[in-house]
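Enquirer: Sequence isn't available, so here's the structure alone:
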């Protein structure tokens, strides 16, 4: 029960941080008069957002450990999984936006898709590493920026009506995270349960595919 309460608190932090960051991005767009951000600026903002995610998540873990006087390992593992699943969903939405923008401008290629995926994997690994390090060494996250964001999040959460709405949304957010975790676990177990294809079968499949490629129908155009 304490773990669920802890995960719910992390979910509230994610939701309110997303709202604050969205408002900040709207202000940035208004200041820039709708001009598109450069690659450096875009990556800098993304890095800042992921830094806050890792740091504020670690602050929730440390606060929970200090409150319950329990070992931080259980909360750290639960928080790491929560953060990982949240970032997977976040990056999946970003990939969809990237693909839509590529199709809109007509310059989307497989190379760009691969590069975007590699960059997101780097951000994911760096964020999870920073989270784990911040839990082990809380002084890493002890700065004015993190304290300001956490104070703002607590104030918004405790605000009447708005806080109740956010907590209501937080329940469904936690359910969606648990559901997503179940899906990934199910896929992982399915992958383990599938028998590996023998090398001979793989070679036969490759050869069969080559034979099929060599056979052209009489209405096929070969360039």
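Expert: Cool, got the structure. In this text, all values refer to a predicted model and were calculated from it rather than measured experimentally.

Enquirer: nearest spatial neighbour of the residue nearest to the spatial centre of the chain, skipping sequence neighbours?
Expert: Nearest residue to the geometric centre of the chain (Cα atoms, centre = their mean): residue 87, 1.0 Å. Distances taken as Cβ to Cβ, 6 or more residues apart in numbering place residue 124 nearest to residue 87, at 5.5 Å, with adjacent residues excluded. For every residue, glycine as well, the C-beta is placed using N, CA and C.

Enquirer: sorry, back to before: the residue nearest to the centre of the chain reaches residue 126, doesn't it?
Expert: No - using Cβ atoms under 8 Å, residue 87 is not in contact with residue 126, being 10.7 Å away.

Enquirer: related to what we said a few turns ago, just how off-centre is the helix or strand where the residue nearest to residue 87 lies within its chain?
Expert: Applying DSSP states H and E as the criterion places residue 124 in helix 110-136. Centroid separation for helix 110-136 versus its chain: 9 Å, with Cα atoms, centre = their mean, to the nearest Å.

Enquirer: Counting by contacts, list what that helix packs against.
Expert: Under the contact definition 3 or more Cβ pairs under 8 Å, 6 or more residues apart in numbering; DSSP states H and E, helix 110-136 sits against helix 39-68, helix 72-105.

Enquirer: any shared contact partners between residue 87 and residue 126?
Expert: Contact criterion Cβ atoms under 8 Å, 6 or more residues apart in numbering; residues shared by residue 87 and residue 126: residue 50.

Enquirer: quick check: mean pLDDT across stretch 52-68?
Expert: Averaged across stretch 52-68, pLDDT comes to 91.

Enquirer: Buried ones in that stretch, by neighbour count?
Expert: By 16 or more other Cβ atoms under 10 Å, the buried positions in stretch 52-68 come out as 52-62, 64-65.

Enquirer: And stretch 149-168, by the same measure?
Expert: 149-150, 153, 156-157, 163, 166.

Enquirer: what's next to stretch 56-76, contact-wise?
Expert: By Cβ under 8 Å, 6+ apart, stretch 56-76 touches 2-3, 6, 9-10, 13, 17, 79, 82-83, 130-132, 134-136, 138, 141, 146, 149-150, 153.

Enquirer: circling back: of the buried residues of stretch 149-168, which is the nearest to residue 43?
Expert: Using Cβ to Cβ, residue 149 comes nearest to residue 43 of those, at 20.3 Å.

Enquirer: Name the spans of the chain whose pLDDT lies under the cut-off.
Expert: By pLDDT under 70, the low-scoring segments of the chain are 34, 36-37, 97-98, 100-116, 193-223.

Enquirer: and if we set it to 90?
Expert: Residue ranges of the chain with pLDDT under 90: 1-5, 25-46, 64-76, 88-121, 177-223.

Enquirer: re the thing from before, which pair in the buried residues of stretch 149-168 spans the largest distance?
Expert: 149 and 163 (16.4 Å).

Enquirer: now residue 66: how far from residue 80?
Expert: 19 Å (Cβ to Cβ, to the nearest Å).
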